[in-house]
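**Q** got a predicted model here, sequence first, then my questions.
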Amino acid sequence: MVCTSDLEYDTGLCYTKCRTDFKGIGPVCWGTCPIPPTIDDKCGALCISEGTCTDYVMKVVGDVADLVASVASTAMGDIDVGGIIKGSVDVAKNFIFPVCNAR
């Protein structure tokens, strides 16, 4: 298969070319982590700036578990609105990532 000049070939298909500072793998343009540089560069699409990938994943799991415990506690009659709000915010903060305009 031959792609037109505005596309690039990868694994049998043609895709829109990525910007020069990104690498195209299939339909996804992968960039490098923004400053501060990532400490553990083996964390897939995640850019982490402190600890390791395992530390980050364990924090996310712990925050979700804390939120579930707060909700379960409320269901049992011990209303902890502050705990639920804090838990929700902690979980949400784990998923704030920079927006990449790679194409």
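**A** That came through, no problem.

**Q** quick one, domains of this protein?
**A** 1-31, 34-96 (automatic domain parsing).

**Q** what sits against residue 11?
**A** Shown in contact with residue 11 (Cβ atoms under 8 Å, 6 or more residues apart in numbering): residue 26. (Each C-beta comes from the backbone N, C-alpha and C, glycine too.)

**Q** separation between it and residue 55?
**A** For residue 11, the distance to residue 55 equals 33 Å [Cβ to Cβ, to the nearest Å].

**Q** what does residue 71 give?
**A** Taking Cβ to Cβ, one finds residue 71 at 25 Å from residue 55.

**Q** repeat that for residue 47.
**A** Note on residue 47: its distance to residue 55, by Cβ to Cβ, is 14 Å.

**Q** who has more neighbours, those two?
**A** residue 47 (20 against 14; other Cβ atoms under 10 Å).

**Q** the more buried one: which element?
**A** Assessed by DSSP states H and E, residue 47 sits outside every helix and strand.
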